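Novice: Return atomic coordinates for the entry below.
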Amino acid sequence: MTIAAAPKPVNINKLIDGRFDLDKEKETAAMQRNTEPTYAARLRNRRMEVEKTLGHLSTERRQVETNTEWLNYAAYKRRVTLLDHVTAWYRSEMAQIDKALIRVRDRRYGVCAACHKPIGMEQLELSPELEHCPSCQSLQEH
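Specialist: Alright, predicted model coming up:
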């Protein structure tokens, strides 16, 4: 009669962590399938709004520059500076939207660029162009 070898001890933490990683991967893939069309549409709509706004700002800038009836030069400079800052802000938003649309195309949307964990739906609802989860975003800002 042969005696069977004792089974190797199983590291339960590795087993749980492995399952957890698989569950997270499945959750991320499901989230991407379900949210990409909705958020991609929202991003494209917002991009169109930003394009229109940039067009209006450009028109207003031309009007300011061609207006020769300014009461003083300081008021003219303040207006031009304001328009420049607002235009820069909208261009920055446009760049963020474009990067988010690239992530949608590459099937990386909704996943943190730093830690590769899913970004919460509530964060994406507030800012669909988010690239980082709240934890990583706070690290990026410091």
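Novice: hey, where'd the helices end up in this protein?
Specialist: Secondary structure of the chain (DSSP state H): helices at 12-66, 73-105, 121-126, 134-141.
Novice: Same question for stretch 125-135: list its buried residues.
Specialist: For stretch 125-135, the neighbour count (16 or more other Cβ atoms under 10 Å) marks 128-133 as buried. Using the backbone N, CA and C atoms, a C-beta is placed for each residue, glycine as well.
Novice: Quick check: of these, which lies closest to residue 42?
Specialist: residue 128 (5.2 Å; Cβ to Cβ).
Novice: Any figure for the gap between the closest one and residue 77?
Specialist: Using Cβ to Cβ, to the nearest Å, residue 128 is found at 36 Å from residue 77.
Novice: Equivalent analysis for residue 133, please.
Specialist: 42 Å.
Novice: same thing with residue 37?
Specialist: For residue 37 relative to residue 77 (Cβ to Cβ), the value is 46 Å.
Novice: and stretch 42-55, which residues are buried?
Specialist: 42-43, 46-47, 50, 54.
Novice: returning to that earlier point: indicate which one of the helices of the chain is closest to residue 115.
Specialist: helix 134-141 (5.5 Å).
Novice: According to the record, where do the domains of this protein fall?
Specialist: 37-109, 111-142 (automatic domain parsing).
Novice: Including mean pLDDT, could the ones you listed go into a markdown table?
Specialist: Converted to a markdown table, the domains of the chain look like this (pLDDT from 0 to 100):
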| stretch | mean pLDDT |
| --- | --- |
| domain 37-109 | 92 |
| domain 111-142 | 88 |
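Novice: Quick check: which of those domains is buried the most?
Specialist: domain 111-142 (a mean of 15; mean count of other Cβ atoms under 10 Å).
Novice: next one: it to chain centre, how far?
Specialist: 7 Å (Cα atoms, centre = their mean, to the nearest Å).
Novice: can you check stretch 81-90 too?
Specialist: 21 Å.
Novice: which residues sit against that stretch?
Specialist: 50, 53-54, 57-58, 60-61, 64 (Cβ atoms under 8 Å, 6 or more residues apart in numbering).
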